[in-house]
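J.: Predicted model follows, preceded by the sequence.
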Amino acid sequence: MELIIAAIKAIVIVALILQLIPVLIWFERKGSAYIQDRRGPNRAQILGIRLGGMIHNLADVVKLFCKQDIIPTKASRIIYVVAPMIAIFVASATVGVVPFAEPLHLGGLTIPMQVADLNIGILYILGIGSLGVYGVMLGGWSSNNSYSLLGTLRASAQMVSYEIAMGLALIGLFLVTGTVRITEIVSQQTGFHWYAFTQPIAFVLFLTSLFAETNRNPFDLAEGESELVAGFHTEYSSMKFALFFMAEYAHIAVGSLIVSLLFFGGWNLPGLDFDWIRVYPEAALSMGLPALAVGAIAFGLFLCSKFRRHKYNDARDYEVLIFGVPHVLIGFLMIGATLLLHGTTLPTWVGPVLVAALQMGVVLAKTLFFCAFFIWVRWTLPRFRYDQLMDLGWKGMIPVALFNIVITSAWLVFVH
Amino acid sequence: MLSSYFPIAVLFIFALILGGVFVGLSAWIGRRPYNKVRLEPYECGLEPADSPRKRFSVKFFMVAMVFLLFDVEVTLLFPWATLFKQFIASGLGVFIFIEGLLFIAVLVIGWLYVVRKGALKWE
């Protein structure tokens, strides 16, 4: 029974991360558009419904599947095919130990809200994450193309260098936590005791090396399109290219999850007392639901007020209604539920489930914030030069991380 | 103990199948390249001037070597950091602090040597 639950959970959680990818791609396109003062994608449509460019992701998937699947004649065929599989494997396997909420106690059953609660915790993430170099390295080398090779060399040297800084930054964190299990690290960060405030140097170093590990701007020299055409995936087409693309976004999603869990308190939010909600779900619901209902109705009415019959003269006119009316209806349903709840006692499983849902919501909100941060940085900062990049990694971040370790340990021994 | 790794095994298999299905589907659904020229390396649109299978800068190799050394040393610091608080609790705080300091000093000396030798210098 427990094994079946564990297997289902593993697949559901990977699916959740994969669900985030199209959202992130949409957000990147729209966000970059608004940062550059454009409108962004808004043409793809289903029966005239455009959803502000969200349909583009669907169109992309169909397009990429139908593209010519090219394996260049000079490429090393097997490695060329395996490399994108390694990339997506690494990206989805890193999520293995990431918790989304506290373990759920239902009846006699304890369900940890993660794939596996390993005692090695973050070391697993570091170990699997470092395999990501292979996808990039083999992909670039096997294409047999000068630019891919250069991109590969740069990427592997860069990822490898920043891994040291990442490890050293985490050592500063482990000194304070005394454990590598993520659930315990999160449970230590109650209220505002987030490790981003007690370990700010480690936080900044970790976030920076995460950018380098995911090959994102300002560290995206691996694909530097102004110099290397497209870097390590120049020769790739069709879904093989898409796998590299998906792996990058999955890395961002998982990286943001890890940052929000390790440094931003995970599911802890000041003001939310989960023990209290678990015991009194009725009180929590009768306070939380009306607030949510008011928000939903206000948002829905705001959307409906934007309705103009002849603005575009096609189905786009009704888009605001498609979103606005359900919001209002859900709001009224919530108010009805609150009235029904009045004076009744709920079954005992409601409390834990409600807490788990709330905690997942908090974690996902923090994760989305960091995903937005990744996109914001990409479209704001220029790219580094290669020697600057390596100097920052080796001569900047490693000494600072070591300094942080010494300071933290001295503070723990002599002051704390 | 080992059974806690079972979900990880499921995750690995699922991730592998995911990659395999995507690659297989695109090869199956996608149009066949109908022109031999399409299978030439694209590179930058022109015909490749020379083969990429040739010597590349030794700097990349140096970085890989230095990474190997440093990463092993960083790995050795993980247990030290995780057990640090327990040592303080048992009254051995100063001892474990000086031990760690010595180790980090060795690390810093190695780092200084690498930097001074110019192994990480990029022109």
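T.: Perfect, thanks for sending it.
J.: how close does the most centrally placed residue in chain B sit to chain A?
T.: The centre of chain B sits closest to residue B:67, judged by Cα atoms, centre = their mean, with a distance of 8.7 Å. From residue B:67 across to chain A, the span is 4 Å (Cβ to the nearest Cβ, to the nearest Å). Quick note: C-beta positions are derived from backbone N, CA and C, even for glycine.
J.: That residue contacts residue A:161, correct?
T.: Yes - counting by Cβ atoms under 8 Å, residue A:161 is a contact partner of residue B:67 at 6.5 Å.
J.: Does residue A:3 fall in a helix, a strand, or a coil region?
T.: Recorded secondary structure, residue A:3: helix (DSSP: H, G, I helix; E, B strand; the rest coil).
J.: Show me how the chain divides into domains.
T.: I'll assume chain A. A:63-271+A:382-414, A:276-346 (automatic domain parsing).
J.: The intended chain is chain B.
T.: According to automatic domain parsing, the ranges for chain B are B:2-39, B:58-117.
J.: Can you give me the neighbour number for the closest residue in space to residue B:101 that isn't next to it in sequence?
T.: Once flanking residues are discounted, residue B:101 sits nearest to residue A:406: 6.7 Å by Cβ to Cβ, 6 or more residues apart in numbering or on different chains. Applying other Cβ atoms under 10 Å in any protein chain shown, we find 16 residues neighbouring residue A:406.
J.: same check, this time on the one 4 residues further on
T.: Here the number of neighbours of residue A:410 (other Cβ under 10 Å) works out to 14.
J.: Go ahead and confirm it touches residue B:96.
T.: No - counting by Cβ under 8 Å, residue A:410 sits too far from residue B:96 to count as a contact (11.8 Å).
J.: Find the nearest non-adjacent residue to the closest residue to chain B within the stretch 1-150 of chain A, please.
T.: Residue nearest to chain B within the stretch 1-150 of chain A (Cβ to the nearest Cβ): residue A:85, separated by 3.3 Å. Spatial nearest neighbour of residue A:85, chain neighbours left out: residue B:19 (3.3 Å); criterion: Cβ to Cβ, 6+ apart.
J.: and the one helix or strand residue A:241 maps to, is it in reach of chain B?
T.: According to DSSP states H and E, residue A:241 maps onto helix A:238-262. Yes - using Cβ under 8 Å from any Cβ of the partner chain, helix A:238-262 reaches chain B at A:238, A:239, A:240, A:242, A:243.
J.: Which of these sits closest to residue A:183?
T.: Residue A:183 has its nearest neighbour among the residues of helix A:238-262 next to chain B in residue A:243, at 31.0 Å by Cβ to Cβ.
J.: isn't that closest one right next to residue A:81, touching?
T.: No - between residue A:243 and residue A:81 no contact is recorded; they are 10.5 Å apart, counting by Cβ under 8 Å.
J.: For those two, work out which one has more neighbours and name it.
T.: Remark: of residue A:243 and residue A:81, residue A:243 carries more neighbours, 29 against 20, as counted by other Cβ under 10 Å.
J.: Report how many residues lie close to the residue in the stretch 151-300 of chain A that chain B sits nearest to.
T.: Nearest residue of the stretch 151-300 of chain A to chain B: residue A:239, at 3.1 Å (Cβ to the nearest Cβ). Residue A:239 is flanked by 26 other residues according to other Cβ under 10 Å.
J.: Now it. Nearest residue, chain neighbours left out?
T.: Nearest residue to residue A:239 in three dimensions, chain neighbours excluded: residue B:26, at 3.1 Å (Cβ to Cβ, 6+ apart).
J.: chain center to stretch B:101-110, what's the gap?
T.: 22 Å (Cα atoms, centre = their mean, to the nearest Å).
J.: Quick one: mean pLDDT for that stretch?
T.: Averaging pLDDT along stretch B:101-110 gives 90.
J.: Let me see the contact set for the residue nearest to the centre of chain B.
T.: The neighbours of residue B:67, taking Cβ atoms under 8 Å, 6 or more residues apart in numbering or on different chains as the test, are A:160, A:161, A:163, A:164.
J.: pretty sure residue A:27 contacts residue A:373?
T.: No - the pair residue A:27 / residue A:373 is not scored as a contact, 11.3 Å apart, by Cβ under 8 Å.
J.: returning to that earlier point: now for the domains of chain B, which one comes closest to residue A:105?
T.: Proximity to residue A:105 (Cβ to Cβ) singles out domain B:2-39 among the domains of chain B, at 18.1 Å.
J.: May I see the buried residues of the closest one?
T.: Residues of domain B:2-39 classed as buried by neighbour count (16 or more other Cβ atoms under 10 Å in any protein chain shown): B:6-8, B:10-12, B:14-16, B:18-19, B:22-23, B:26, B:30.
J.: Per-residue pLDDT of residue A:313, please?
T.: 69.
J.: that older thread, quick check on the residue nearest to residue A:85: phi, psi?
T.: phi -60, psi -40 (degrees, to the nearest 10).
J.: Kindly report the same for residue B:119.
T.: Here residue B:119 shows phi and psi, under degrees, to the nearest 10, equal to phi -70, psi -20.
J.: Do a quick rundown of the helices in chain B.
T.: B:6-29, B:58-89, B:93-117 (DSSP state H).
J.: quick one: the second one to helix B:93-117, angle?
T.: Here helix B:58-89 runs at 170 degrees with respect to helix B:93-117, directions being taken by axes from the mean of the first three to the mean of the last three Cα atoms, to 10 degrees.
J.: Go through helix B:58-89 and flag the buried ones.
T.: Within helix B:58-89, the residues that count as buried by 16+ other Cβ under 10 Å are B:59, B:62-63, B:66-67, B:70-71, B:73-74, B:77-78, B:80-82, B:84-85, B:87-88.
J.: Next one: whichever helix or strand residue A:62 is part of, is it in contact with chain B?
T.: Using DSSP H and E, residue A:62 maps to helix A:55-66. Yes - using Cβ under 8 Å from any Cβ, helix A:55-66 reaches chain B at A:64, A:65, A:66.
J.: ChimeraX command for the buried members of the residues you listed?
T.: Per 16+ other Cβ under 10 Å, the buried members of those correspond to this ChimeraX selection:
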select /A:64,65
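J.: Right, I'll call it a day here.
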